[in-house]
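In: give me coordinates for this.
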Amino acid sequence: MSKIETFDDFVKVHGLLLTASGLPRPLHEQLFKKLSADNFDGGACFQIEPCEDGRQRRLVLTSGFAGKESDVFLVDHAWTFRLSDAYKQLQEVSGLAQRMAVLMCVNGDLNVDEEAEGRTSIEDTGSMCIEDILEHELCKAKENKDTVRWLELDELDIDDDTLLSLDLSAKFPDLLALSLCGNRLESADIIFQEVTKFKHLKALWLNNNPVVEKCDGCLADKILQAFYGKDNPGQHCGSDHKLHEVTSLDISNRAIHNLANKAFSPAMMPSLSYLNLRGNSLQENSASELLEVLKQFPSLNALEVDIPGPFGESAIVILESLPKLSFLNGVSATKILEAGKHVIDSILEPRLPEWKPEEPLADRVVNAMWQYLMTYRLANEEKIDETPAWYVMDELGSALRHSDEPNFMVAPFLYMPEGNLASAVSYSLLWPIQNVQQGDECTRDYLYGIGEDKQRSARLTAWFHTPENYFIKEYEKHRKELESRSLTPPSVMSSVTKSLIEGDRGPLRVYTDIPQVEEFLKRPEFILTSDPKDAHIIWTSMQIDEDTKKATGITDDQIINQFPYEACVVMKHHLAETVQKAYGSPDWIQSTYNLEVQLAQLIGDYYIRKRDGLNNLWILKPWNMARTIDTTVTDNISAIIRLMETGPKICQKYIEHPALFQEKKFDLRYIVLVRSMNPLEIFLSDVFWVRLANNPYSLEKNSFFEYETHFTVMVQLLRRINHKNTPDFVREFEVEHKVKWLDMHERVTKMIRSVFEAAAFVHPEMHSPMSRAIYGVDVMLDSSFKPKLLEVTYCPDCTRACKYDMVSVFKGEELRGSNFFNDVFGCLFLNETTHVSPL
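Out: Down below sits the predicted model:
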């Protein structure tokens, strides 16, 4: 296709991209005109405003009315990169870190100077601040032609002398509730003196004051006696009529333990329509008791509670129990029931960036960028790019904040002015999907098209502070379930599989597409054939399913080098699931979560580790990608969640303290030969090898982007290979760490057998008499020299086993690389045990 000159040319080249973007058809020609003229006219229609004390920005429409689907705007991409290059680019590309820091609101110093000034002067200005608060409350009540009945004076450094000087009872004679939490009150006598001056007081909070510990409950008894004792039997009655007028009641975070109270009843507050009970334990009531109490209020139509919390774990259950509610946590009851959302919250606080004053701009940007990044993959007719591209929209696009009910849509678009991919330029398209008025904030849905079936509420944690207690409970349920599982290893049975060559049977015909087998399988018992229909043995790197069998003529009478359902060990999410179903959480596999279904449990684990001050470094791995493609190490919960967008992944606790060899990280590749799954007949090749990282190991944050620091697979990625002969490695490792390799080897072999025992137990359907296979098992040692399972690989690359000769670490025998597949085939098909050990 030549250069695009007409609208028809544009549609012909970009038709699929236009459809994928979702841009309404009437806007296609308008888009073409703006792209042709390079017309970025958004600046004339929108304005960027700071918000959240300058730690976020928002986009506001300034050009008057914008009708639904009436216009389309071009948004440039300020930064496009591969994740592995991000940190390096921020350091090396002139002006990039500065621009990104301003765009992401991390260019300042978090008002450190102002905060410091506030801390130094608080004692001098504290009383003035309190007086300002009191004056504000009085003015607000006067404007509403009412009196102050609720007063919160929390964490204002009020001491006994200050309390006396305030003379609160004279200023607020009609006060019903007073909170003095978190102050410096010590004298029970002064508190009693001041509090009992109020004639109508119904509620008092003194939590987190020194007097609470000193008095051990006696102050509460003394105050209650003063208000409700026999000397004042009717003091409280005069204010009851005022409770009848209460329509809105916020008693959140008041350390309330019991809601079943005479004062809290429909008889006392028949007009109550809004109630906020967040942050109270209510531990003396069951969920059913609490719901029964609230059922009695005839006018209650809006409720705010913690979910999960004292009222249970499901918004739907609460709404079904309280059918008169119109709003729960600020969200329409109808919408909650339609969406089937069990956990809802309308007041999620944004996850604002945090940093230290001395932190470099590049580090700040890397931490904050997950709030802004978007992603795509390039593809052509032949293949899709294995590594995703990430990008940041320009200042206008990045100012769009999230809404569950957005008024704008954003979609990436690749414009090819010369009609080919080589000329492509990436943009984002922005258009209104609702009518928008001048002055309205412009928003988009960060999770467009993602519903609760794809864990929408949990995924919002990338941008908002979601209810931690919900996720912690989900994690605790998951942990208890794992703790309940255990598998008793079956006894090891002697081999029952017979050799395929018996008597006068001629050589076995082998079809293979693996170069090393073609080159090195030289035993007279096997001959190669180019026709799979003619073979006794199919030894291939491709997946053999029913469609492949039909296409190639392979039959059920031929032996294949793969077992049915072997995905239960060779796909990372299935491997973790298989081990967990059999053993729960053995110490030889790190905590692992399938992010497609276990995101809530992972977030709970993350929150608990953060709360307890534990290391929170995780590694994300695609389900079924080799060579560490799209694999990331991070301690950022937003990053973990956003990385789900580039394909299904597991999230696994990173081994932050591995055993090192000469200060470098390493892992071990073992070759496991499987003759039978029932009974389990598995063998370990005497050939194994070490894979070394190129750089010294580090836990510095900027090192997480350094492939050659944290990963060991170099050959396929054309990186420098740090090859080490296995016997030399073992000998030097023993000297460096003063350990015996045999001790570690015994633990490794026990672990490997456990993996395949788990597979045989959880998936008995994996057994097939017409299957034989080899698997690569990757293992890492932690700093205590205990093995950790990394992954199991189908039909592993054995180039290294064939290329290098070595001496067996334990038997002292020479292992010639050219004989590797001769030994493998001898074990699997002739029942030999040359250079292998039964497990």
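
In: and the helix or strand harbouring residue 728, which residues are buried?
Out: Element membership for residue 728, per DSSP states H and E: helix 726-737. Within helix 726-737, the residues that qualify as buried are 726, 729, 730, 733, 737, counting by 16 or more other C-beta atoms under 10 Å. For every residue, glycine as well, the C-beta is placed using N, CA and C.

In: elements contacting it?
Out: Packing contacts for helix 726-737, counted by 3 or more C-beta pairs under 8 Å, 6 or more residues apart in numbering; DSSP states H and E, involve strand 660-661, strand 680-696, helix 741-762, strand 806-807.

In: between helix 726-737 and the second one, find me the angle.
Out: When you say that, I think you mean strand 680-696. For strand 680-696 against helix 726-737, the angle by axes from the mean of the first three to the mean of the last three C-alpha atoms, to 10 degrees is 60 degrees.

In: just after strand 680-696, pick out the following helix or strand.
Out: helix 707-710.

In: off-centre distance for that following helix?
Out: 22 Å (C-alpha atoms, centre = their mean, to the nearest Å).

In: one step back: the helix holding residue 728 vs helix 741-762, what angle?
Out: Relative orientation of helix 726-737 versus helix 741-762 (the same axes, to 10 degrees): 110 degrees.

In: can I get helix 726-737 in CSV, CA atoms only?
Out: Only the C-alpha atoms of helix 726-737 are listed here, as CSV (Å, rounded to 0.1, in the frame of the first residue of the first chain):
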residue,chain,number,x,y,z
THR,A,726,29.3,-28.8,36.7
PRO,A,727,31.9,-30.8,38.7
ASP,A,728,34.0,-27.6,39.0
PHE,A,729,31.0,-25.7,40.2
VAL,A,730,30.1,-28.3,42.9
ARG,A,731,33.7,-28.5,44.2
GLU,A,732,34.1,-24.7,44.4
PHE,A,733,30.6,-24.3,45.9
GLU,A,734,31.4,-26.7,48.7
VAL,A,735,34.6,-24.8,49.5
GLU,A,736,32.9,-21.4,49.4
HIS,A,737,30.0,-22.4,51.7
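
In: quick one: contacts of that helix?
Out: Identification of contacts with helix 726-737 by C-beta atoms under 8 Å, 6 or more residues apart in numbering yields 659, 661-662, 688-690, 739-741, 785, 806-807, 809.

In: what sits against residue 702?
Out: 87, 362, 363, 366.

In: widest-spaced pair of the residues you listed?
Out: Greatest spatial distance among the contacts of residue 702 (C-beta to C-beta): 87 and 363, at 8.4 Å.

In: relative to residue 525, how far out is the closest residue to residue 808 other than its chain neighbours?
Out: What sits nearest to residue 808 in space, not counting adjacent residues and going by C-beta to C-beta, 6 or more residues apart in numbering, is residue 686, at 4.5 Å. Residue 686 is 21 Å from residue 525, where distance means C-beta to C-beta, to the nearest Å.

In: now the strands for the stretch 51-200 of the chain?
Out: Along the stretch 51-200 of the chain, counting by DSSP state E, counting those that start in this stretch, strands occupy 56-61, 73-75, 77-81, 150-152, 177-179.

In: looking at those, which is buried most?
Out: Of all these, strand 73-75 has the most neighbours on average by mean count of other C-beta atoms under 10 Å, namely a mean of 23.

In: now do it: which elements does it pack against?
Out: When contacts are defined as 3+ C-beta pairs under 8 Å, 6+ apart, strand 73-75 packs onto helix 28-36, strand 425-432.

In: and those as a markdown table, adding mean pLDDT, mean neighbour count and distance to residue 670?
Out: Formatted as a markdown table, the helices and strands packed on strand 73-75 follow (pLDDT from 0 to 100; neighbours: other C-beta atoms under 10 Å; distance: least, C-beta to C-beta, whole Å):
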| stretch | mean pLDDT | mean neighbour count | distance to residue 670 |
| --- | --- | --- | --- |
| helix 28-36 | 96 | 17 | 55 |
| strand 425-432 | 96 | 20 | 44 |
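
In: turn the ones you listed into TSV, columns for distance to residue 418.
Out: Formatted as TSV, the helices and strands packed on strand 73-75 follow (distance: least, C-beta to C-beta, whole Å):
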stretch	distance to residue 418
helix 28-36	13
strand 425-432	10
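
In: out of those, nearest to residue 143?
Out: strand 425-432 (37.8 Å).

In: what is the mean pLDDT for whichever helix or strand comes after the closest one?
Out: Per DSSP H and E, the first helix or strand lying C-terminal to strand 425-432 is strand 441-444. The pLDDT scores in strand 441-444 average 97.

In: and strand 441-444, what's buried?
Out: By neighbour count on 16+ other C-beta under 10 Å, the buried set for strand 441-444 is 441, 442, 443, 444.

In: phi, psi of the closest residue to residue 108 other than its chain neighbours?
Out: Nearest non-adjacent residue to residue 108, counting by C-beta to C-beta, 6+ apart: residue 54, 7.0 Å away. Reported as degrees, to the nearest 10, the phi and psi values for residue 54 are phi 80, psi 0.
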